[in-house]
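Student: have a look at this fold, sequence not included:
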């Protein structure tokens, strides 16, 4: 038989001494454990990353609902304005305006349709980008034909106003489920989106009320008058903060408004007795809005209906002008105040008081 001396065998190989064997055992155990740890870390990382992506998809959907609503509401408001303007010469009764309440309905209908298309398209893109499956109100996105789902109905959304320069669309909650199916994880996030609101600005839109009523002569764009403030719930317009010969500031600035190559665009200022955006789409001279803070007024330059008014000095305040309300001039340092159109500034006694103006300065 072969003998072993000092831990060595003959030329056929080596043998471990008992001590050497004891020293090697922990190394082998650690190697095995390390491989297990690496595998577990990889698995945990896959789960964490997958869960993070799944959660981020849910957050993207919430953000897109609000942004899509704001964009769709703005486009719908523009479409409503254009519809009134384009119907001016096409309707036999020459009344292109919406009937009472129809303007809000029109905007809501178009907004709902656009949100449904945009939301299904967004979710479809997110599914492709992330490999997740998305269900809205229990229905998978990919089950809808042409990616257009009736997720929202018109009655689900509502319009309200808090200021004259825009409106708020309220959006109800949706049930969302985001599924992740893979070899490493099978996760899902199920939640209800919070009820949301989206503010829709109307600044920069054409005012169809003025365009149509001036017989398509005056283009008036809704821009906010920047020099007013409120005190104890009342508006302070600062129309006569600076008085020079025949000129009042900031009345002059309000009349000039956003001066452009298309001419002067007088600013719109908050007016508890004025008209809302929806009143203007429906051709009202008296607002039916229950909230005074949502109304506004502007001025009419150039006296475009002079042939109708004759020699009657007519107030330049928009809804008074179209009702042929008479007015008077204002003097500053014994000179009549004039507008940038070169015509006398004329305002009714009622509105002169409301705007904090005097008959002379």
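Tutor: Good, I have the coordinates. Everything numeric here is computed off the predicted structure, so don't read it as measured data. Residues are numbered from 1 along each chain as shown.

Student: and the nearest residue to residue 322 once chain neighbours are set aside, how many neighbours?
Tutor: What sits nearest to residue 322 in space, not counting adjacent residues and going by Cβ to Cβ, 6 or more residues apart in numbering, is residue 213, at 5.0 Å. Glycine gets a C-beta too; all of them are placed from N, C-alpha and C. Per other Cβ atoms under 10 Å, the neighbour tally for residue 213 reads 22.

Student: what's the pLDDT at residue 213?
Tutor: Predicted confidence (pLDDT) for residue 213: 96.

Student: ok, now which ones touch residue 284?
Tutor: residue 275 (Cβ atoms under 8 Å, 6 or more residues apart in numbering).

Student: tell me the SS of it?
Tutor: Following DSSP: H, G, I helix; E, B strand; the rest coil, we place residue 284 in the coil state.

Student: go ahead and confirm residue 68 touches residue 114.
Tutor: Yes: using Cβ atoms under 8 Å, residue 68 is in contact with residue 114, at 7.3 Å.

Student: and these two? Which one has more around it.
Tutor: residue 68 (21 against 18).

Student: how far away is the more buried one from residue 131?
Tutor: Here residue 68 is placed at a distance of 23 Å from residue 131 (Cβ to Cβ, to the nearest Å).

Student: same question, residue 279
Tutor: As judged by Cβ to Cβ, residue 279 and residue 131 stand 50 Å apart.

Student: so which of the two has more stuff around it?
Tutor: Neighbours per residue, other Cβ under 10 Å: of residue 279 and residue 131, the larger number sits with residue 279, 21 against 14.

Student: which residues touch the more buried one?
Tutor: If a contact means Cβ under 8 Å, 6+ apart, then residue 279 has 209, 287, 288, 289, 295 as its contacts.

Student: again with residue 68
Tutor: Shown in contact with residue 68 (Cβ under 8 Å, 6+ apart): 114, 115, 118, 119, 122.

Student: so the fourth one, which state does it fall into?
Tutor: For residue 119, the secondary structure call by three-state DSSP comes out as helix.

Student: which ones are touching it?
Tutor: By Cβ under 8 Å, 6+ apart, the contact set of residue 119 is 61, 64, 65, 68, 136, 149, 151.

Student: of these, which is the nearest to residue 218?
Tutor: Nearest to residue 218 among those, counting by Cβ to Cβ, is residue 68 at 34.2 Å.

Student: so what's residue 126 closest to, chain neighbours aside?
Tutor: Nearest residue to residue 126 in three dimensions, chain neighbours excluded: residue 57, at 5.4 Å (Cβ to Cβ, 6+ apart).

Student: what values do phi and psi take at the one you found?
Tutor: phi -60, psi -40 (degrees, to the nearest 10).
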